[in-house]
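Peer 1: take this sequence and fold it.
(one chain, ligands or ions: 2)
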Amino acid sequence: MTASPPPAVIAFDLDGTLVDTAPDLLDTLDTVLDEVGAARLPREETRKMIGAGARALVNRGLTAAGIAVAPPEFDKLYERFLEHYAAHIADSSRPFPGLLAALDELSARGHVLAVCTNKLEYLSRRLLDRLELSDRFAVIAGADTFAVHKPDAGHLLGTIERAGGLPGRAIMVGDSMTDVLTAKNARVPSIVVPFGYTEIPAEELGGDAFIDHFDRLVDTVEHLLSRG
Ligand SMILES: O=C(O)COP(=O)(O)O
Ligand SMILES: [Mg+2]
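Peer 2: Ligands and ions are numbered 1, 2, ... in the order given. Sure thing, here's the model as predicted:
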């Protein structure tokens with residue numbers, strides 16, 4: 001008797017892929033800019049600053065506003081960002097259209113779902129709990145879950161391992177260059193969605209597949225898995 005192959009692991013980025021978190025993240029960034037007396041920045045500009053974690057977002061926001069702060073003050077502002085964001089994490093943040101049906105179908109087909117995000121793990125869990133999404137994922141791996149984080153392959157490989165899968169039967173779904181690079185580094189195929197936060201147009205990120213709506217996700221996953 002041959003052992004059945006491990007289930008496929010579908011690993012999702014969180015901000016800009018599963019959930020439109022920009023409104024609550026950027027409202028929080030505004031409170032930090034207010035606090036240092038800087039003018040607020042246009043949303044088209046700050047949306048693209050999401051993707052490398054909260055610390056990078058605060059840093060990018062302050063830099064774009066022309067504010068230089070020394071490390072101890074930066075750390076205080078970052079702490080305040082986290083506090084405010086944690087308290088408002090699901091005020092306006094919502095899953096992207098079609099997500100729930102796509103996750104239902106992937107699970108029904110026996111695939112294991114995981115989250116691989118550069119959001120801190122406690123914030124990721126809190127957000128997914130508030131949106132009643134946590135139970136759908138076997139693993140929620142944040143920026144601080146392992147010793148390394150995206151674009152390091154170890155973040156994705158650790159997520160796949162914890163989900164009981166193998167890199168040869170896994171897919172990364174994301175919205176940014178960070179996700180595509182992580183997948184390439186881990187030799188895992190990637191699917192890119194265009195509704196997230198990226199400086200470079202999503203179609204040009206170099207993912208293995210591009211979908212413009214989650215109603216294309218299941219077919220695209222099956223196609224990539226069938227390529228082996
Ligand atoms: O919060 C961020 O900046 C990054 O989060 P993501 O990896 O889920 O896009
Ligand atoms: Mg993202």
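
Peer 1: help me confirm that Ala147 comes into contact with His155.
Peer 2: No. Ala147 is not in contact with His155 according to Cβ atoms under 8 Å; the separation is 9.4 Å. Where you see a C-beta, it was placed from the backbone N, CA and C, and this is true even at glycine.

Peer 1: quick one, which of these two is more surrounded?
Peer 2: Set side by side, Ala147 and His155 show more neighbours around His155, with 26 against 9, by other Cβ atoms under 10 Å.

Peer 1: how about the closest residue to that one other than its chain neighbours, what does it touch?
Peer 2: Nearest non-adjacent residue to His155, counting by Cβ to Cβ, 6 or more residues apart in numbering: His149, 4.8 Å away. Counting by Cβ atoms under 8 Å, 6 or more residues apart in numbering, His149 makes contact with 53, 118, 142-143, 155.

Peer 1: tabulate the residues you listed (JSON lines), appending distance to ligand 2.
Peer 2: Output for the contacts of His149, formatted as JSON lines (distance: Cβ to the ion, whole Å):
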{"residue": "Gly53", "distance to ligand 2": "10"}
{"residue": "Asn118", "distance to ligand 2": "7"}
{"residue": "Gly142", "distance to ligand 2": "12"}
{"residue": "Ala143", "distance to ligand 2": "12"}
{"residue": "His155", "distance to ligand 2": "13"}
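
Peer 1: TSV for the residues you listed, including pLDDT and secondary structure?
Peer 2: Formatted as TSV, those follow (pLDDT from 0 to 100; DSSP: H, G, I helix; E, B strand; the rest coil):
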residue	pLDDT	secondary structure
Gly53	91	coil
Asn118	96	coil
Gly142	98	coil
Ala143	96	coil
His155	98	helix
